[in-house]
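the sequence and its predicted three-dimensional model are supplied below.
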Amino acid sequence: MTTEPGSEEQSAMAGEASAPKPSVWERMRRGMADHNAKAPRTPMGMPEVVPDDDSGDDSADGEDESSEGATAELVLERIHHYRDTIRSYHVLIEGQRVGQIRDDKTESFVLRPGSYTLRLQLLWLFSPKVVVELPAGTETRMICGPNGGILQAWRLFFAPATAIFLRFAD
């Protein structure tokens, strides 16, 4: 008997096709496992801590070590307003989504000291970009919310980059 060269490949494909397809939940679980494996395990901008092999040297507990592990806290407070009450704003730091903030809530983000560009987003609406300087060991407070009520509704369509306000707390 002579077999065609493509018949083995076709039978292998038929075997794959007859195997049950994973369920939607199984595919989602696999996808989330892949996503979680790629997700950073430390706060944004913080390097992962690598344990030193030289743990017996206590003389290195100086200022160099404290400057490497220094952090700064950004506290974002959203005011209560009837507009956007049921929606949460996405917090974007350096263009990367790092969290969300709901109506009348306060969220804090631990970052490395430095300069960051902060912006909020809700669907196609944005706040203006704000550059935030975060000194080491400090807490910087900011306030956000919808920029006006029904009389400022024109911003939603004609100036969507100003529909949300974001400013430093007093």
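Sure, I can see it.

ok, which stretches of the chain are helices?
Taking DSSP state H as the test, the helices found in the chain are 5-18, 24-38, 63-68, 155-158.

rank those helices by mean pLDDT and give me the bottom one.
Between the helices of the chain, the lowest average pLDDT goes to helix 63-68, which shows a mean of 49.

tell me where the protein has strands.
The residue ranges that make up the strands of the chain, judged by DSSP state E, are 72-78, 89-93, 96-101, 106-111, 114-122, 125-126, 130-134, 139-146, 164-168.

tell me which of those lies nearest to residue 26.
When these are compared by CB to CB, strand 96-101 sits nearest residue 26, at 26.8 Å. All C-beta spots, glycine's among them, are computed from the backbone N, C-alpha and C.

what are the buried residues along the closest one?
Within strand 96-101, the residues that qualify as buried are 98, 100, 101, counting by 16 or more other CB atoms under 10 Å.

same check, this time on stretch 152-169
By neighbour count, with 16+ other CB under 10 Å as the criterion, the buried positions of stretch 152-169 are 155, 156, 162, 163, 164, 165, 166.

who's in contact with stretch 74-92?
Counting by CB atoms under 8 Å, 6 or more residues apart in numbering, the neighbours of stretch 74-92 from elsewhere in the structure are 97-111, 116, 118-123, 127, 132, 134, 139-146, 148-150, 164, 169.

ok, of those residues, which come out buried?
The neighbour-count test (16+ other CB under 10 Å) applied to the contacts of stretch 74-92 identifies 98, 100-101, 103, 107, 109, 111, 116, 118-122, 127, 132, 134, 140, 142-146, 148, 164 as buried.

for the protein, what helix or strand is lowest in average pLDDT?
Confidence across the helices and strands of the chain bottoms out at helix 63-68, with a mean of 49, counting by mean pLDDT, DSSP states H and E.

in contact with residue 106, which residues?
In this structure, residue 106 makes contact with 75, 76, 77, 78, judged by CB under 8 Å, 6+ apart.

got those residues as CSV, with pLDDT, distance to residue 85 and neighbour count columns?
Formatted as CSV, those follow (pLDDT from 0 to 100; distance: CB to CB, whole Å; neighbours: other CB atoms under 10 Å):
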residue, pLDDT, distance to residue 85, neighbour count
75, 96, 21, 14
76, 96, 17, 22
77, 96, 16, 16
78, 96, 10, 24
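
doesn't residue 125 make contact with residue 119?
No: the pair residue 119 and residue 125 does not pass the contact test of CB atoms under 8 Å, sitting 10.9 Å apart.

thank you kindly, that will do.
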